[in-house]
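> Starting from these lines, generate the structure:
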Amino acid sequence: MQMENFAPIMFGGLVLIMLIGFPVAFSLSALGMASGFFAIQMGWFPAVFMENLPINLFGILSNELLLAIPFFTFMGAILEKCGLAEDMLDSMGQLFGTVKGGLGYSVIIVGFILGAITGTVAGQVIAMALISLPVMIRYGYNMRYATGVLAASGTITQLVPPSLVLIVMADQLGRSVGDMYRGAWGPSILQVLIFAGYTFLLGVFKPSHVPGIPKEARTMSGLKLWMKCLRGIIPSAILIFAVLGSMGGLPGIDTAIATPTEAGAMGVVGALILAAIHKRLTRGLLWEAMVGTMRLTAMVVFILIGARVFSMVFQGVDGARWVEHMLSGLPGGQIGFLIAVNIFIFFLAFFLDFFEIAFIILPMLGPVAHKLGIDLVWFGVLLCVNMQTSFMHPPFGFALFYLRGIADTLFKEKRIEKPILSSDIYLGSIPWVAMQLILVAIVIFIPQTVTMFLPKEEVIDTDKIQIVVPPDDAMGGSDSSSGAGENPFGNAPSSPEPAAGASGESQGENPFGNSASPEGEKK
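As a prediction, the model looks like this:
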């Protein structure tokens, strides 16, 4: 067997072990080690090559950027349980509820705001479904719309800063987290507008699917209602500005005064303050948040270790060259590459978690995108938009699983009259997945949706660079007796008739500012 034929075999083995369903971190490590020993046996690289593995693994654990993940996870875990979602959904639902699709608008807006301060899908989908799903069913909302909007609004979290996915993307692509966050704001806002536009069209053409709630059903109105809305929005806005603004993650802020890790630590402090304001800061809340953070962080580290073992051996057998040759030869240049990659990622997301895709697949695609001249921030945000769908489409859409569990809980607690069918949950997700794919197409063909918020790079045209070299007779040498004026170093003009032996009137001062020529010193 030739080495160039082994890379596609390794990639096929990667797909196979992921389909088996065994924990991917351990599967990757086993595949990487087995492939490495086989390559050594075949003489494709020496055994000393595998000695780099401990150094690589130590580099992962000493990566300060990845330290931001537990901080942002801990912040999100606290905010999930501090009552912020409940207060905002209640106030927004009463504010917009009387218009057609009003409850849908409130879910979308609250999902966007919570996404900007929590960064976790599970807690957001669960919290919003527990509160909003019984209300939407009670007032006659279409079941498929209700389940779809709740699941889709929860997945916005993956795109809205401070998304954990964007931190991983920045690390794998070698770009700053602040740039990745700034680039994600355009698609995030577009996603919210697309969801709201779909709700508006339903209200126009199928008003029975999204009816308004009666005004008498509201428990408050006027200034009191507005004040309750602002009590939820203003502290959230302050926390968003403090965390994202300090690390240069907001549009218009190009200077970072804190690293992502420091900004995450500041976010934890802000989350604790918000929990205290809502009188939910208890020992039990802190314990649950710490346990959840520990589990997620451990999962990320193990996946990253497994991916590093596999990728090191894959690089050793020239796998990167095989991937580059395969993808750079696609028709259509940059657009053809982006379309092919996004189709591949979309179907891969049927079976893989977003962390697994980011750690395993992205290191193969990033160098090819860079060689094709694609802005890596644009590329990373585009893949993040695509990976939203991994939470929404069957068979393994985690947002749909969360919703299925909450629906069963609500029925058992008699908060809804009849059970919600799984067919309603899965079929209800289809329009929202289609809207997410529409956003993918928009970002591919209009890269300004990402790059408009990034700082402009100073472009230097090398063709216009001029290097001016002064002529030899301007250097104040021995031929300067012609008295052509001052030399370019600002020394005094030479005398027309130098007198030998005079230190100040030798054959012109040399360009280094010495007071006499060497010959004058000898005399």
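
> those helices in the stretch 251-400 of the chain, which residues are they?
Secondary structure of the stretch 251-400 of the chain (DSSP state H, counting those that start in this stretch): helices at 260-277, 283-316, 319-328, 333-348, 354-356, 362-371, 376-387, 398-412.

> Ok, which of these comes nearest residue 55?
With respect to residue 55, and counting by CB to CB, the nearest of the helices of the stretch 251-400 of the chain is helix 283-316 at 10.1 Å. Where C-beta positions appear, they are placed from N, C-alpha and C, glycine not excepted.

> helices and strands around that closest one, which ones?
Packing partners of helix 283-316 (3 or more CB pairs under 8 Å, 6 or more residues apart in numbering; DSSP states H and E): helix 6-20, helix 24-42, helix 52-61, helix 68-80, helix 354-356, helix 362-371.

> roughly how far is that helix from the heart of the chain?
Relative to its chain's centre, helix 283-316 lies at 17 Å (CA atoms, centre = their mean, to the nearest Å).

> what comes up buried for it?
285-286, 289, 292-293, 296-297, 299-316 (16 or more other CB atoms under 10 Å).

> Below-threshold pLDDT in the stretch 301-450 of the chain: ranges please.
Residues of the stretch 301-450 of the chain that meet the criterion pLDDT under 70 lie in 394-396.

> circling back: want to throw the helices of the stretch 251-400 of the chain into JSON lines with distance to residue 191?
Below are the helices of the stretch 251-400 of the chain laid out as JSON lines (distance: least, CB to CB, whole Å):
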{"stretch": "helix 260-277", "distance to residue 191": "22"}
{"stretch": "helix 283-316", "distance to residue 191": "24"}
{"stretch": "helix 319-328", "distance to residue 191": "27"}
{"stretch": "helix 333-348", "distance to residue 191": "16"}
{"stretch": "helix 354-356", "distance to residue 191": "16"}
{"stretch": "helix 362-371", "distance to residue 191": "21"}
{"stretch": "helix 376-387", "distance to residue 191": "8"}
{"stretch": "helix 398-412", "distance to residue 191": "14"}
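
> Point out the most buried one among those helices.
Of all the helices of the stretch 251-400 of the chain, helix 376-387 carries the top mean neighbour count, a mean of 25, counting by mean count of other CB atoms under 10 Å.

> how far does that one sit from the chain's center?
7 Å.

> counting contacts, what elements does that helix pack onto?
Identification of packing neighbours for helix 376-387 by 3+ CB pairs under 8 Å, 6+ apart yields helix 164-173, helix 177-205, helix 333-348, helix 362-371, helix 422-445, helix 448-451.

> Now with 6 Å, please.
For helix 376-387, the packing partners by 3 or more CB pairs under 6 Å, 6 or more residues apart in numbering; DSSP states H and E come out as helix 164-173, helix 177-205, helix 333-348, helix 422-445.

> who wins for proximity to residue 99 among the ones you listed?
helix 177-205 (7.7 Å).

> which helices and strands does the closest one pack with?
Applying 3+ CB pairs under 6 Å, 6+ apart, we find helix 177-205 packed against helix 102-115, helix 164-173, helix 376-387, helix 422-445, helix 448-451.

> Make TSV out of those helices and add distance to residue 35.
Shown next, in TSV, are the helices and strands packed on helix 177-205 (distance: least, CB to CB, whole Å):
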stretch	distance to residue 35
helix 102-115	39
helix 164-173	21
helix 376-387	26
helix 422-445	33
helix 448-451	36
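
> nearest to residue 66, of those?
helix 164-173 (6.2 Å).

> Off-centre distance for the closest one?
Offset of helix 164-173 from its chain centre (CA atoms, centre = their mean): 5 Å.

> Could you list the buried residues of it?
164-173.

> avg pLDDT for that helix?
Average pLDDT, helix 164-173: 86.

> what angle sits between that helix and helix 68-80?
For helix 164-173 against helix 68-80, the angle by axes from the mean of the first three to the mean of the last three CA atoms, to 10 degrees is 170 degrees.

> Dump helix 164-173 to CSV, restricted to CA.
What follows is helix 164-173, C-alpha atoms only, in CSV (Å, rounded to 0.1, in the frame of the first residue of the first chain):
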residue,chain,number,x,y,z
LEU,A,164,-18.9,28.7,22.7
VAL,A,165,-18.8,27.5,19.1
LEU,A,166,-17.3,30.8,18.0
ILE,A,167,-14.6,30.5,20.7
VAL,A,168,-13.7,27.1,19.4
MET,A,169,-13.8,28.4,15.8
ALA,A,170,-11.4,31.2,16.6
ASP,A,171,-9.0,28.8,18.3
GLN,A,172,-9.0,26.3,15.4
LEU,A,173,-8.8,28.9,12.7
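
> Residue 430: how many residues sit nearby?
When counting by other CB atoms under 10 Å, one arrives at 14 neighbours for residue 430.

> How about residue 194?
Using other CB under 10 Å, residue 194 is surrounded by 18 other residues.

> thinking again about what came up before, nearest to residue 416, out of the helices and strands packed on helix 376-387?
helix 422-445 (12.2 Å).

> hmm, back to that, to residue 104, which of the helices and strands packed on helix 376-387 lies closest?
With CB to CB, the closest approach to residue 104 among the helices and strands packed on helix 376-387 belongs to helix 177-205: 4.3 Å.

> Thank you kindly, that will do.
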